[in-house]
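Undergrad: have a look at this prediction, sequence included:
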Amino acid sequence: MAKISRRQKAIREGNELSSALLRWLSLVDSHRPLGGRLNPVSKYLETVENPRFREALIELRELIREELVSADECISYGIPTFKISGRNIVHFAAFKNHCSFFPGGIAEDYANRPPNHKISKGTIQFTPDNPIPEDVLRDLIRHSLTRNS
């Protein structure tokens, strides 16, 4: 059985947790201090103005960290990036009207799997109301890891 985050478990069990508490749990789990300072990806997430987009990206970050346990988080090209051995594996970002997941050139290979998403060569756009299915995300992350490592 796949490991699920505390947030996903709470949602599946129908527990009513406040948005602030969910965000706190996600951020506490995801901080990796760099010289005693806040992780730059955590800083990025704090700047996302739309709280629904922020929550969607926090959840995406948790899923990526489950799949890429040995990856380093950083900001590259101005957006959160996961790297292994110095190579970019995946990125994500928030924009005014959508969020984007950047698995690299493999996004088009999955054009039929996440229905109703805008897909280009290297990105899949989504919103909290129309998220990318978890199984598709996991496949994209694994495929990107294989392709880029």
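TA: That came in fine, so what should we check first? In this text the structure is predicted, and so the values were computed from the model without any measurement. Numbers count the residues shown, from 1 in each chain.

Undergrad: show me the strands in this protein, by range?
TA: 72-76, 79-84, 87-94, 99-102, 124-126 (DSSP state E).

Undergrad: output those strands as CSV; include the columns distance to residue 115.
TA: Using the backbone N, CA and C atoms, a C-beta is placed for each residue, glycine as well. Formatted as CSV, these follow (distance: least, CB to CB, whole Å):
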stretch, distance to residue 115
strand 72-76, 30
strand 79-84, 25
strand 87-94, 20
strand 99-102, 15
strand 124-126, 11
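
Undergrad: so which of the ones you listed gets nearest residue 47?
TA: strand 87-94 (8.7 Å; CB to CB).

Undergrad: neighbouring strands for the closest one, and are they parallel or not?
TA: strand 79-84 (antiparallel), strand 99-102 (antiparallel) (DSSP bridges).

Undergrad: all helices of this protein, in order?
TA: 6-12, 19-30, 40-47, 51-67, 134-148 (DSSP state H).

Undergrad: correct me if wrong: residue 55 contacts residue 127.
TA: No - between residue 55 and residue 127 there is no contact under CB atoms under 8 Å: 11.6 Å.

Undergrad: these two: who's more crowded?
TA: residue 55 (18 against 14; other CB atoms under 10 Å).

Undergrad: how close does that one get to residue 117?
TA: 18 Å (CB to CB, to the nearest Å).

Undergrad: same check on residue 106?
TA: Counting by CB to CB, the gap from residue 106 to residue 117 is 14 Å.
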